[in-house]
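*Asks:* A predicted structure for the sequence below; I have some questions about it.
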Amino acid sequence: MSKAKKKRNMEESDDSDEPIINKIMKKRKKSDNSESKKMKSVESTKNGTKKSAKVKQELSVGDDKFASKPGKLVEPRKLKEMEKTARLSHAMQAFLWWDAPEHADGQQWVTMEHAGVSFPEPYVPHKVKMKYDGKPVDLNPVEEEAATFFAAMDPEGMHLGNPKTADIFIKNFFLDFKAILGKSHIIKDFKKCDFAPIRDHLNEKKIVKKAATDAEKKLNKAEREESMFQYGYAIVDGHIEKVGNFNMEPPGTFRGRGQHPKMGKLKQRVAPEQVALNSSECAAVPKCCVPGHAWGDLRHDPTVMWLANWKENINGQVKYMQLAAQSSFKGKSDRSKYNKAARLCDNIDKIRSSYKSKLRSKDAQQRQMATAMWVIDRLALRVGGEKDTDEEADTVGCCSLRIEHLKFDPNNEGGENMEIELEFLGKDSMLFKQTIDFGATMYTENDGMGEQVYLNFKGFCKGKKTNEEVFDSLTPSILNSHLKEIMEGLTAKVFRTYNASKTLQDELQKTESLNAWKNLTAAEKVVEYNNANRQVAILCNHQRSVSKAQETQLENLGAKLATLKQQKKVLKAILKRLKEGKSNVIPLKRSDKELADAVNDAVEKAKKMKEAATTSEKKIEATKADEAAKLQKREATEAKFNQAHLWEKVPTIDQVVKRINAWTEKIAKLEIDLKHKDDNKEVSLGTSKINYMDPRISVAFCKRNEIPIEKIFSRTLRDKFNWAMAVTPEWEFNAEVGKQE
């Protein structure tokens, strides 16, 4: 073997620990350089002379556009260099998986290489002592870490601040904490525990962190990016894919949703030995980043999508590291899901006729089956299943409805009232609370049979105790088997996806057919889209709790709107005075230079304090100065806004008229924005966009109405649904779509 070849082989083996993204980008760079050299060689041969790529070009005498003096030498204009993240993003977007050849049935990939899982740093003791019965207590690092997990919880937060959840959380935490402490430890009673010293220490660390200088923030960002470049990408079948959750979950207290029976228990630190990796046989085995440890298992299974898996200790569930939402794996899965839902367009009438015919059946099980089908179809409920309430939250679906979840005639109207109030915790412990009028037109028209469903519910509940099930002869497995008999692959989720997509399309077509539609602005059309989206979210019970930040934002927008309206009144008064020739009583804008200078000085002072701070005390002072400067800046911005409608000198009538028109537009736009935010504050529009509404409906709507897609879909959703962007404006969600695969 030649020395050159031997050296090259050694170099290739030495960079085996290098991020796989760096390797592939190096290869491409070498390929590009080689191609560039070839092109230059060809050019120099044609011209009969070799020229350097960096030679300055001499501009011609007549080229005044580029040079002020004839014959002046000018450096070639440099192209803007893209950051590594942007280059990788473009590389991923270049792969159009929907145009690529399909794999064999059941095969997800041929080759797959990735860097494994990134583990959290080991715990570093802070040596701040908690108190027990008023006295400081010595804890070893493992015990101290557990105590710190509890101290990190907000005493006024959703877990410890809620009496219903606080007792569960504290009970579970203290059981696990005592198991770590051991039977001989002095700590026996939670009520004597005082975590305040550790909590104060953690709060102080947060304040110190806020005092980070620009250079420190830049360094932290560089470290995060380095980790992302190392673990955040995989190479699948020769193209780059983004990895979703490459960071292993850190240990801590389990929080859960709603009143989860296991909230407060301690999540254990996951070791590499608990992790199984999945990659192709030809791929290099990722280096384990935790010294002294090794991966638990290595598999080569191309029939699954996951890159790594492990079992967590709280619920004993297997967790997976998978590719990100914008990956080809997820894209294929999403498209298949929506196409399957579209197949219902041809089958829905047959399915509805079938279950409607059985609503009056003499067979109790068939009657319950038909009623459950009606509920899943018309009310978009999930199937549900039996829960071990000691292990999981008591969430409910159709099959697990109990008598206590139904309230007949909730408003005591009497007579022929056919209302039932359904109230239970659905998926993720979200409250489902709706009063359904089964006698309403929407449930009875076109042989909807809402009245018969009401009578069935009354019969199913008769003579039962509150804790007994409504559908006592029906189980999730029986119902799911029945759904699959009707149509291959049919599930309650397919019904939800179909109803969500069909509802969105119908609502949009209804508004687009109105005479006034063509006169609406793009912003007003987006509002109508959001209204249609909200109908879907209500149908699927996609709710969210209103955060303090949302409430504050709504209050601020309301105050801003009131200010704009008051300013418009002032502008009209100014116009009136100008027309009357009373220019001497026109209010003028006060100079805000002094205020702006004071703000700039405060910001600069805080910045210098951050840079000079070396101790925690100094950093805390710098953070306080920075927060005071930010408050001062907000006040200055508010003061500037309060006189934004005025002029420094007396305006003309035309200037005032123009400003009145501008303020009218601002008010109209803000009213739309405020109404949209207020209407949707308790409704999660994003959930249905991400999971249930076929994205092609939204893309076609935007194209028909010349609305920028970014007004409907965020950057994340545009990347996730890149496969849907090429549809025509006339595209429709129908049975023909269901035939595509």
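*Replies:* Sure, I can see it. Numbering: from 1, shown residues only.
*Asks:* what is the mean pLDDT for stretch 132-147?
*Replies:* The average pLDDT for stretch 132-147 rounds to 96.
*Asks:* Quick check: buried residues in it?
*Replies:* Tyr132, Val137, Leu139, Glu143, Glu144, Glu145, Ala146, Ala147 (16 or more other Cβ atoms under 10 Å). Every residue, glycine included, has its C-beta placed from N, CA and C.
*Asks:* What about these, which are in helices?
*Replies:* Residues of these located in helices (DSSP state H): Glu143, Glu144, Glu145, Ala146, Ala147.
*Asks:* now, which of these sits nearest Lys221?
*Replies:* Closest to Lys221 out of these is Glu145 (27.2 Å), distances taken as Cβ to Cβ.
*Asks:* give me every residue that touches the closest one.
*Replies:* Tyr123, Pro125, Pro251 (Cβ atoms under 8 Å, 6 or more residues apart in numbering).
*Asks:* just the buried members of those residues?
*Replies:* Using 16+ other Cβ under 10 Å, the buried ones in the contacts of Glu145 are Pro251.
*Asks:* Distance to Gly244 for the contacts of Glu145 - can I get that in a markdown table?
*Replies:* Below are those laid out as a markdown table (distance: Cβ to Cβ, whole Å):
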| residue | distance to Gly244 |
| --- | --- |
| Tyr123 | 26 |
| Pro125 | 32 |
| Pro251 | 21 |
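*Asks:* what's the spacing between Glu512 and Gln259?
*Replies:* If you measure Glu512 against Gln259 using Cβ to Cβ, to the nearest Å, the figure is 44 Å.
*Asks:* sorry, back to before: nearest to Ala726, of the ones in helices among the buried residues of stretch 132-147?
*Replies:* Looking across these and measuring by Cβ to Cβ, the closest to Ala726 is Glu145, at 51.4 Å.
*Asks:* quick one, strands of the stretch 401-550 of the chain?
*Replies:* 406-408, 419-425, 431-437 (DSSP state E, counting those that start in this stretch).
*Asks:* Low-confidence ranges, the protein, go.
*Replies:* For the chain, applying pLDDT under 70 flags the ranges 1-74, 385-393, 545, 741.
*Asks:* quick check: longest helix of it.
*Replies:* helix 548-579.
*Asks:* so after that one, what's the next helix or strand?
*Replies:* The helix or strand immediately downstream of helix 548-579 is helix 593-612, counting by DSSP states H and E.
*Asks:* So which bits of that next one are buried?
*Replies:* For helix 593-612, the neighbour count (16+ other Cβ under 10 Å) marks Leu595, Val599, Ala602, Val603, Ala606, Lys607, Met609, Lys610 as buried.
*Asks:* what do you get for stretch 160-176?
*Replies:* Going by 16+ other Cβ under 10 Å, stretch 160-176 has these buried residues: Leu160, Thr165, Ala166, Ile168, Phe169, Ile170, Asn172, Phe173, Phe174, Asp176.
*Asks:* The last one: what's it in contact with?
*Replies:* When contacts are counted by Cβ under 8 Å, 6+ apart, Asp176 touches Ala146, Gly264, Lys265, Leu266.
*Asks:* thinking again about what came up before, tell me what the longest helix of the chain is packed against?
*Replies:* For helix 548-579, the helices and strands in contact under the criterion 3 or more Cβ pairs under 8 Å, 6 or more residues apart in numbering; DSSP states H and E are helix 616-642, helix 653-679.
*Asks:* Quick one: closest of those helices to Ile420.
*Replies:* helix 653-679 (26.1 Å).
*Asks:* Would you mark the buried spots in the closest one?
*Replies:* Val656, Arg659, Ile660, Trp663, Lys666, Ile667, Leu670, Leu674, His676.
*Asks:* cool, and stretch 274-281?
*Replies:* Gln274, Val275, Ala276, Leu277, Asn278, Ser279, Ser280.
*Asks:* ok, the fifth one touching Trp306?
*Replies:* Yes. At 5.9 Å, Asn278 and Trp306 qualify as touching, with contact defined as Cβ atoms under 8 Å.
*Asks:* Quick one: neighbours of the nearest residue to Lys669 once chain neighbours are set aside, just the number.
*Replies:* Nearest residue to Lys669, sequence neighbours excluded (Cβ to Cβ, 6 or more residues apart in numbering): Ala523, at 6.6 Å. With neighbours defined by other Cβ atoms under 10 Å, the count for Ala523 comes to 14.
*Asks:* count of neighbours near Ser684?
*Replies:* Number of residues near Ser684 (other Cβ under 10 Å) recorded here: 18.
*Asks:* May I have the residues that are in contact with it?
*Replies:* Ala537, His542, Gln543, Arg544.
*Asks:* bridging residues for the third one?
*Replies:* On the basis of DSSP bridges, Gln543 takes part in beta bridges with Val683.
*Asks:* Quick check: it vs Leu685, distance?
*Replies:* According to Cβ to Cβ, Gln543 stands 11 Å off from Leu685.
*Asks:* overlap in contacts of these two?
*Replies:* Joint contacts of Gln543 and Leu685 (Cβ under 8 Å, 6+ apart) are Ala537.
*Asks:* and Arg255, helix, strand or coil?
*Replies:* When classified by DSSP: H, G, I helix; E, B strand; the rest coil, Arg255 comes out as coil.
*Asks:* contacting residues around it?
*Replies:* Contacts of Arg255 by Cβ under 8 Å, 6+ apart are His159, Met263.
*Asks:* Would you mind confirming that Met305 is in contact with Met321?
*Replies:* No. Using Cβ under 8 Å, Met305 is not in contact with Met321; the gap is 10.4 Å.
*Asks:* The two: who's more crowded?
*Replies:* Met321 (24 against 19).
*Asks:* Wasn't Asn172 part of a helix?
*Replies:* Yes. Checked against three-state DSSP, Asn172 lies within a helix.
*Asks:* shift numbering so it begins at 41
*Replies:* Yes, from this point I'll number from 41; that puts the last item at Asn212.
*Asks:* need the contact list for it.
*Replies:* Asn212 neighbours (Cβ under 8 Å, 6+ apart): Phe294, Lys302, Met303, Gly304, Lys305.
*Asks:* Sweet, I'm off.
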